[in-house]
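S.K.: Just the structure for this:
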Amino acid sequence: MLDIDAILADGHIDESEVDAIRAEIYADGIIDLDEAQDLFTLADEADSYCDAFATLFIEAITTAVLSDEETPGVVDADEAEFLNAMIMGDGEVSDLERRLLANIRAQATSVHESLMTV
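M.R.: Residues are numbered from 1 along each chain as shown. Purely as a prediction, here's the structure:
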């Protein structure tokens, strides 16, 4: 489990913290939606972050959504609901979240219609 408070203590997510985040979320070989939620929290609450964090955010959340066993390659209704809640939770879509959505849409074989409205 990520120690979000410790990572955000100085307000900035640097490369050494990205290395620790990556090691933690990939430790079991599976990125689940709880870990994806932690990444959204870090992105929303950090004052700033390095490019490596943005890359990890996009890659890891895309993997979490598109590599599940039930609907591989597809953003199903539950995943779309999760993404909509995470992205719209603070009332705005950030540049990083737009990049995430573009990446998911580019890699998915199908995207639930509710996600297409974000």
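S.K.: And for stretch 66-81, what's in contact with it?
M.R.: 31, 33, 65, 83, 104, 107-115 (Cβ atoms under 8 Å, 6 or more residues apart in numbering). No exception for glycine: its C-beta is placed from N, CA and C like everyone else's.
S.K.: could you give the mean pLDDT of that stretch?
M.R.: Stretch 66-81 shows a mean pLDDT of 96.
S.K.: Use 186 as the first number from now on
M.R.: Will do, 186 is the new start, and the previous item becomes stretch 251-266.
S.K.: Quick check: the most centrally placed residue in the chain vs E282, distance?
M.R.: A centroid search over the chain (Cα atoms, centre = their mean) returns I246, at 3.6 Å, as the residue closest to the centre. When distance is defined by Cβ to Cβ, to the nearest Å, I246 is 9 Å away from E282.
S.K.: And D188, by the same measure?
M.R.: With distances taken as Cβ to Cβ, D188 is found 23 Å from E282.
S.K.: So the two - more neighbours on which side?
M.R.: Neighbours per residue, other Cβ atoms under 10 Å: of D188 and E282, the larger number sits with E282, 22 against 12.
S.K.: Surely that one and N269 touch.
M.R.: No - the pair E282 and N269 fails to qualify as a contact (Cβ atoms under 8 Å) at a distance of 10.7 Å.
S.K.: in the protein, which spans are strands?
M.R.: Per DSSP state E, the chain has strands spanning 197-198, 233-234, 259-260, 295-296. These are given in chain order.
S.K.: can you list contacts of the first one?
M.R.: If you take Cβ under 8 Å, 6+ apart as the criterion, strand 197-198 is touched by 192, 206, 227, 231-235, 238.
S.K.: Just the buried residues of those.
M.R.: 192, 206, 227, 231, 234-235, 238 (16 or more other Cβ atoms under 10 Å).
S.K.: and which of these is nearest G274?
M.R.: Taking Cβ to Cβ as the measure, G274 lies nearest L227 of these, at 13.5 Å.
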